[in-house]
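Visitor: Build me a structure from this.
(one chain, ligands or ions: 3)
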Amino acid sequence: MKSRIPLILLACGSFNPITNMHMRLFELSRDHLHQTGGYQVIEGIISPVNDGYGKKGLVSARHRVAMAKLALETSDWIRVDPWESEQDTWIETVKVLRHHYNESLRLLQSKKEFMKNKRPIERATEDSLSYQHSVLPELKLLCGADFLQTFKTPNLWKEEHITEVVEKFGLVCVSRAGSDPAQHIKESELLSKFQHNIFLVKEWIQNEISATQIRYALRRGLSVKYLIPDSVIAYIAHHNIYTEESERKNEGDLLQPLKLHSTPVNPLND
Ligand SMILES: Nc1ncnc2c1ncn2[C@@H]1O[C@H](COP(=O)(O)OP(=O)(O)OP(=O)(O)O)[C@@H](O)[C@H]1O
Ligand SMILES: NC(=O)c1ccc[n+]([C@@H]2O[C@H](COP(=O)(O)O)[C@@H](O)[C@H]2O)c1
Ligand SMILES: [Zn+2]
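Guide: Ligands and ions are numbered 1, 2, ... in the order given. You can find the predicted model right below:
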């Protein structure tokens, strides 16, 4: 039997708050990748964006990470990673990918060290059991189709970063109403060139949950039950997270990537 390539899915975004649909993105993508016959998805990582991103209504990463942790308590393969949110400033997504790639490399090396110290008989049994954990996994950026569309927003992404994402890592993109990712790829020379590394996943049950709509409902005291987990609803109520005031956070501010990429380039900041 042909061995499958182990794969880690990484989703970057606000998660303000995390919704059931964010978690569905992972389930749908894992099914899709397994159906290709070539991959074994070994882990899913949610990386809530740094507070310095500057998006309107973005509440503190401390809360966004805590809510994601609660939501993921029922998953045995998806976890939240606070590394990006703990950096001093907002950082570009490609740097988050590089960090997690290096982490998986480090983990693999320490596993190999560990195996080297085992007796040959133990090594043989464990090797065959854990092939998926003994080769370097691929790391792919998981997103919704609207995320892919932001690639063409002027000054939001550096072209060399998009190239690195699709050439070195790869993208898994889930359909979303109002976005046509296939058309977007066709229109972009760069994305077309690397389309073998872009997986388009179809959501077969249309599901338009958006975090903006969730915050809107919460501010108006409307129910969001069955759209986000009960534990997250309780956390939001307990800390009174989404209010008219929180929605005004960063109002009128330019997103940090727009500030960064529309000013003269700093050669140290690549
Ligand atoms: N309903 C959905 N269908 C497909 N992709 C989604 C959906 N909701 C979120 N995503 C994807 O999840 C990732 C994180 O999204 P984000 O945190 O911005 O959530 P959101 O619901 O789009 O929030 P907001 O309304 O605040 O923009 C992005 O890649 C986004 O495209
Ligand atoms: N140049 C870049 O690396 C770049 C630009 C814009 C957004 N992003 C990321 O994309 C995600 C977008 O999240 P939202 O859809 O919630 O705005 C965030 O994780 C953000 O950091 C990255
Ligand atoms: Zn969004």
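Visitor: residue contacts, the residue in the stretch 101-250 of the chain that ligand 1 sits nearest to?
Guide: Relative to ligand 1, the nearest point of the stretch 101-250 of the chain is G144 (2.2 Å; Cβ to the nearest ligand atom). All C-beta atoms are positioned from the backbone trio N, CA, C, and that covers glycine. With contact set as Cβ atoms under 8 Å, 6 or more residues apart in numbering, G144 has these partners: L25, C173, V174, S175, R176, S179.
Visitor: Now intersect the residues you listed with the helices, please.
Guide: Under the assignment DSSP state H, those contribute L25 to helices.
Visitor: Of the contacts of G144, which one scores lowest on pLDDT?
Guide: Here the lowest pLDDT out of these sits on S179, with 86.
Visitor: Excluding residues flanking it in the chain, which one is nearest it?
Guide: A145 (3.5 Å; Cβ to Cβ, 6 or more residues apart in numbering).
Visitor: how many neighbours does the one you found have?
Guide: 20 (other Cβ atoms under 10 Å).
Visitor: List the contacts of it.
Guide: C173, V174, S175, R176, S179, D180, P181, H184.
Visitor: Please identify the residues of the stretch 1-150 of the chain in proximity to ligand 1?
Guide: Residues of the stretch 1-150 of the chain lying close to ligand 1 by Cβ under 6 Å from any ligand atom are 11, 13-16, 19, 21-22, 25, 143-144, 146-147.
Visitor: switch to 5 Å and redo it
Guide: G13, S14, F15, M21, C143, G144, D146, F147 (Cβ under 5 Å from any ligand atom).
Visitor: Not counting its neighbours along the chain, what's nearest the first one?
Guide: Take G13 and drop its neighbours on the chain: the residue closest to it by Cβ to Cβ, 6+ apart is V49, 6.4 Å away.
Visitor: you'd agree the one you found is up against T89?
Guide: No - contact criterion Cβ atoms under 8 Å: V49 and T89 do not qualify, at 11.3 Å.
Visitor: quick one, which of those two is more surrounded?
Guide: Neighbour count, other Cβ under 10 Å: between V49 and T89, V49 has more, with 23 against 10.
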